[in-house]
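A.B. asks: Quick one: sequence plus predicted model below, questions after.
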Amino acid sequence: MTMVSETILVTGGSGVLGAAVVRRLLDTGRPVRVLSRRPQRAANTPEKAEWAVGDLATGAGLAEALDGVGVVVNCASDTKGAGKTDETATRHLVEAAQAAGSPHVVHVSIVGIDLVPVGYYKAKLAAERLLQTSGLPYTVLRATQFHDLVLAGVQQLARLPVVPVPSGALVQSVEVGEVADRLAELALGEPVGRAPDLGGPKVWSGADLVRAVLRASGRRRSVLPLPLPGKAMKALRAGGLLVREGGSVGRRGFDDFLAAAPLGDRTYGAAQAGDRAALKGMLTGQVSERG
Ligand SMILES: NC(=O)c1ccc[n+]([C@@H]2O[C@H](COP(=O)([O-])OP(=O)(O)OC[C@H]3O[C@@H](n4cnc5c(N)ncnc54)[C@H](OP(=O)(O)O)[C@@H]3O)[C@@H](O)[C@H]2O)c1
């Protein structure tokens, strides 16, 4: 259990998930520090949180950011570059944490990274392994895709007059706030190693997701399920992105999310370009099967 006075460092605290984690931790009254490469505080970071400038990819600023820290919640990831710097970044974080008295590191990962062969997932797997062999007290939470990311991906595809969808692909997206709730809870508890995976309450086919978005946004498009080749597509059809036995599911489904979301032409944010490219690649069959 963390001491109430110990600072919790949230790397990636300016990102979509990280910002939600920061809000939850501040609500518990804990001192929270955000690590970011940006010299200026992000608009989504409350004044109550401390702002630390640093770069996980180079290691700059990490020693200072970790000073007096009892727990790190690692929500940082090179999402723009499909994870290109994630392994190096995790190595730097591990080394800096070891030098700073070995705080509990809570790390967010993705369900199915060991089953679906895409470059980003290989980088996430390498990051998990570094943490597991670091000797640090750690907790890894794997979550499925956030509803927001799925919506952004579908919105991109729905610009086409006929919307292509890989036939048979299965998705179990989750509400980002529920992932943040779980991470905050894990950050306040003892290290557990691999925590139970977290996904949404319902498994969707890609085609049904697209139809749901079209219905919710009042657009009429034909949906074209395509039988796409490749190992990654095969893994998606086999349920590689779904929560397996022993995992847990959230309450808020994609349809609840759609009912509440403003459905203009949404993008997940520039920071998600890497994931969007991966999702679009999946849907057009251009998934990287290399590492
Ligand atoms: N999106 C999903 O559907 C999903 C599903 C499951 C798990 N996840 C995982 O959840 C985590 C957060 O995802 P997200 O969608 O919230 O990401 P995001 O919005 O793209 O945010 C990424 C964050 O990483 C930080 N960052 C990137 N490179 C950095 C570096 N070299 N040094 C320091 N900070 C760096 C960025 O901070 P600055 O730009 O301020 O430096 C930013 O706050 C990732 O690990 C992702 O793999 C995401």
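C.D. replies: Yep, it's here.
A.B. asks: Next up, the contacts around Y121.
C.D. replies: Contacts were defined as Cβ atoms under 8 Å, 6 or more residues apart in numbering; by that measure Y121 touches G83, I110, G112, I113, D114. In this view, the C-beta of every residue, glycine as well, is placed from N, C-alpha and C.
A.B. asks: Closest one to G230 out of those residues, please.
C.D. replies: Comparing the contacts of Y121 against G230 with Cβ to Cβ picks out G112 as the nearest, at 15.3 Å.
A.B. asks: unless I'm mixing things up, the closest one is touching A238, no?
C.D. replies: No: with contact defined as Cβ atoms under 8 Å, G112 does not count as touching A238 (9.9 Å).
A.B. asks: Phi and psi next, for the nearest residue to W204 once chain neighbours are set aside.
C.D. replies: Across the structure, with Cβ to Cβ, 6 or more residues apart in numbering as the measure, the residue nearest W204 apart from its sequence neighbours is V171 (5.1 Å). With angles defined as degrees, to the nearest 10, V171 shows backbone torsions of phi -130, psi 140.
A.B. asks: burial of V171, as a residue count?
C.D. replies: By the other Cβ atoms under 10 Å criterion, the neighbourhood of V171 contains 24 residues.
A.B. asks: OK, contacts around it?
C.D. replies: Taking Cβ under 8 Å, 6+ apart as the definition, contacts of V171 comprise T144, Q145, V150, V203, W204, S205, G206, L209, L241.
A.B. asks: ok, the residue of the stretch 1-150 of the chain found nearest the ligand - how many residues close by?
C.D. replies: Going by Cβ to the nearest ligand atom, the ligand is nearest to G15 of the stretch 1-150 of the chain, at 2.2 Å. By the measure other Cβ under 10 Å, the count of residues near G15 is 23.
A.B. asks: The contacts of Y121: which ones sit near the ligand?
C.D. replies: For the ligand, the contacts drawn from these by Cβ under 6 Å from any ligand atom are I110.
A.B. asks: quick one on the thing from earlier: what about G112 and A238, which has more around it?
C.D. replies: Each of G112 and A238 has its neighbours counted (other Cβ under 10 Å); G112 has more, 25 against 15.
A.B. asks: G83 - nearest residue in space that isn't next to it in sequence?
C.D. replies: Leaving out its chain neighbours, the residue that sits closest to G83 by Cβ to Cβ, 6+ apart is A123, at 3.1 Å.
A.B. asks: part of a helix, is that neighbour?
C.D. replies: Yes: with DSSP: H, G, I helix; E, B strand; the rest coil as the criterion, A123 is located in a helix.
A.B. asks: Quick check: the gap between it and L160.
C.D. replies: 29 Å (Cβ to Cβ, to the nearest Å).
A.B. asks: neighbour-wise, which of these two wins?
C.D. replies: Comparing A123 with L160 by other Cβ under 10 Å, the one with more neighbours is A123, at 24 against 11.
A.B. asks: What distance do you get for the more buried one to D78?
C.D. replies: For A123, the distance to D78 under the criterion Cβ to Cβ works out to 8 Å.
A.B. asks: overlap in contacts of the two?
C.D. replies: Overlap between the contact sets of A123 and D78, as judged by Cβ under 8 Å, 6+ apart, is given by K84, D86.
A.B. asks: got a list of what L236 touches?
C.D. replies: Contacts of L236 (Cβ under 8 Å, 6+ apart): V116, P166, G168, A169, L170, M282.
A.B. asks: Could you do A19 as well?
C.D. replies: By Cβ under 8 Å, 6+ apart, A19 lies in contact with G13, A42, N44, T45.
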